[in-house]
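# Okay, sequence plus prediction incoming.
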Amino acid sequence: MAELKVNIGKLLLKNPVTTASGTFGYGTEYSDFIPVERLGGIFVKGTTIEPREGNPYPRMAETSAGMLNAVGLQNKGADYFIQAIYPKIKDLDTNIIVNVNGSSIDSYVACAEKMAALELIPAIELNISCPNVKEGGMLFGVTARGTAEVVRAVRKIYPKVLIVKLSPNVTDITEIARAAEAEGADSVSLINTLLGMAIDVHKRKPVLSTLTGGLSGPCVKPVALRMVWQTYKAVKIPIIGLGGISNWQDAVEFLLAGATAIQIGTSNFIDPAVSLKVIDGIQSYCDEFGFKTVSELTGALEITI
Amino acid sequence: MKVVENKSLHTNYCLLKLKSDQALPPMLPGQFVQVRVENSPATLLRRPISIHYIDRDKNELWLLVRKVGNATRAMAKYQPGETLNLLLPLGNGFTIPSVTAHKQNFLLIGGGVGIAPLLFLGARLKAENLEPNFLLGARTKDELLQLDEFQKFGTVYTTTEDGSQGEKGFVIHHSILKNLRSDYIYACGPEPMMRAVARYAASALISCEVSLENTMACGIGACLCCVENTHEGNVCVCTEGPVFNIDKLKWLS
């Protein structure tokens, strides 16, 4: 049996399959359906220092092979997470990684500091790429300078594993990834959702209350895969790939393109057990093709011209 | 679950009866299932469908499906012997009053496909020795569905928009609302109908619950897409609902 363990900096995952923030709640929502302990990690719902009500309904529109969302980081704030959620999930035998959001450098830092104090949160994912909040969020993630500023500030106060989640809504994602790496990020995860729109032709109005929203699901996979491949050639830190993964073949594609681990997002909504099927599929693939460790797949794409 | 019967009730509606190999788990009227529509390539997300009825003797779950889009039209094509992948039971369900509620009047108001959960609710109330009244509305006589089933559990009053059966107009205009004092109202249907019922119930000081159908993705409280803005902030309709007491909603303010 091939070894499935992978490292994201100092963080050890029992396998490369994790669930994406915003699609898996706090893990407890899914524990009725699957043994979540089998996952390499759970990226829990985006958290901000202050509570946020999120955007008004309607927040979701199904599109061809995908969906748009405009949730807008609804969450009850870092203190609520610490008091009410953390005690329930801290002892799960998997890595719980908090997706940290802010609207200013100070608010990112404040939230990251609170998470640093939690013994059983070994890593954070710095979300500089949420397309659904007006202030902050994606504003930092669309320029190399903004990325550098926020990563530098958080790196100063956050000693554990720092993953930076990148936006695809940029001209050159590798510039942003390099900026994060240069400021000490341990890893980058990509991609967040692509900015999109849907219109109700009967009402002649946008479907989403926010007019635009983030596109995810199988339709974004080729774009995400291309960006992972480009980023793999640009940085040395490990990459966590995500965007439209819905089966083990998709996951293996991301690994071959250069990802060390992957996240599953929208597909959790369709099949709560999809992540476990992906783990099993990767295992069989490695065994069948004689890979002794799953990490041998990372960047093993063969290009002959 | 395996399809045992697919009965066309009208051009736009079908009744799917599903059976499980295992005993069905406990389920409450008002809860729903998330259906994976595998025979519709254009459909990515599951579709939330109300539980229409549970036949414990036959271990059957019934779904009343209105064909509105690709997904529900595809669902209506499932044939006996085929299997349907469901997540269930989801959501909270209607409040079943305690036995002390005897001699009180229960009015279950449904419009269109919103009648679906009221059959299961009526059966449960009847099983508690309570006597529900149903007020069901549709556009025409042909779209008043499952009346014989409803009649097993209580008195059925109807309205149609064209007057082809029952009183002409919308449910909210039915004379029973003036002539019979209800103590509890449960409503499911188009939102304008439920809002009208909520206003009526609030002005008459009648306890009222409504079942919402906000667009959902996950159905289990993970994605936060289906939120309703309540007095307690944005809450997930899939887990905190779909049934809400009107006092919780901001409909009346």
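Right, received. Where do you want to start?
# Which secondary structure elements does the helix or strand where B:Trp62 lies sit against?
Counting by DSSP states H and E, the element that carries B:Trp62 is strand B:60-66. Counting contacts by 3 or more CB pairs under 8 Å, 6 or more residues apart in numbering or on different chains; DSSP states H and E, strand B:60-66 packs against strand B:13-19, strand B:32-36, strand B:47-50, strand B:53-55, helix B:70-75, helix B:116-127. Every C-beta, even on glycine, is put in place using the N, C-alpha and C of the backbone.
# what lines up beside that strand in the sheet?
Applying DSSP bridges to the sheet, strand B:60-66 is found paired with strand B:13-19 (antiparallel), strand B:53-55 (antiparallel).
# deepest of those, which one?
strand B:13-19 (a mean of 21; mean count of other CB atoms under 10 Å in any protein chain shown).
# Quick one: work out the angle between the lengthiest strand in chain B and strand B:13-19.
When every strand of chain B is counted residue by residue (DSSP state E), the longest turns out to be strand B:2-10. Strand B:2-10 and strand B:13-19 are oriented at 160 degrees to each other (axes from the mean of the first three to the mean of the last three CA atoms, to 10 degrees).
# Nearest approach to A:Lys160 belongs to which of the helices and strands packed on strand B:60-66?
The closest of the helices and strands packed on strand B:60-66 to A:Lys160 is strand B:32-36. By CB to CB, the value is 36.5 Å.
# Can you name every helix or strand that that closest one contacts?
strand B:47-50, strand B:60-66, strand B:85-90.
# can you give me the offset of the last one from its chain's centre?
By that I understand strand B:85-90. Averaging C-alpha positions (CA atoms, centre = their mean, to the nearest Å) puts strand B:85-90 16 Å from its chain's average.
# do the same with the longest one
On the basis of CA atoms, centre = their mean, strand B:60-66 is displaced by 10 Å from the centre of the chain it belongs to.
# Can you classify B:Leu252 by secondary structure?
Reducing the assignment at B:Leu252 to three states with DSSP: H, G, I helix; E, B strand; the rest coil gives coil.
# which ones are touching A:Asn192?
Shown in contact with A:Asn192 (CB atoms under 8 Å, 6 or more residues apart in numbering or on different chains): A:127, A:129-131, A:138, A:141, A:165-168, A:214.
# So which elements touch the one helix or strand A:Pro222 maps to?
For A:Pro222, the host element (DSSP H and E) is helix A:221-234. On a contact count with 3+ CB pairs under 8 Å, 6+ apart, helix A:221-234 meets helix A:173-182, strand A:187-190, strand A:239-241, helix A:248-257.
# Ok, which of the ones you listed comes nearest chain B?
If you check each of the helices and strands packed on helix A:221-234 against chain B by CB to the nearest CB, helix A:248-257 wins as the nearest, at 14.4 Å.
# what comes into contact with that closest one?
Counting by CB under 8 Å, 6+ apart, A:16-17, A:221, A:224-225, A:228-229, A:232, A:241-242, A:244-245, A:262, A:264, A:277-278, A:280-282, A:284-285, A:294, A:297-301 sit against helix A:248-257.
# For the residue in the stretch 151-300 of chain A that chain B sits nearest to, which three-state class applies?
With CB to the nearest CB as the measure, A:Phe269 is the residue of the stretch 151-300 of chain A nearest to chain B, at 4.3 Å. Classification of A:Phe269 using three-state DSSP returns helix.
# Setting the sequence-adjacent residues aside, check what's closest to it.
B:Cys218 (4.3 Å; CB to CB, 6 or more residues apart in numbering or on different chains).
# Switch the helices and strands packed on helix A:221-234 over to JSON lines; also include distance to B:Ile49, mean neighbour count and mean pLDDT.
Formatted as JSON lines, these follow (distance: least, CB to CB, whole Å; neighbours: other CB atoms under 10 Å in any protein chain shown; pLDDT from 0 to 100):
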{"stretch": "helix A:173-182", "distance to B:Ile49": "40", "mean neighbour count": "21", "mean pLDDT": "98"}
{"stretch": "strand A:187-190", "distance to B:Ile49": "35", "mean neighbour count": "28", "mean pLDDT": "98"}
{"stretch": "strand A:239-241", "distance to B:Ile49": "34", "mean neighbour count": "30", "mean pLDDT": "98"}
{"stretch": "helix A:248-257", "distance to B:Ile49": "29", "mean neighbour count": "22", "mean pLDDT": "98"}
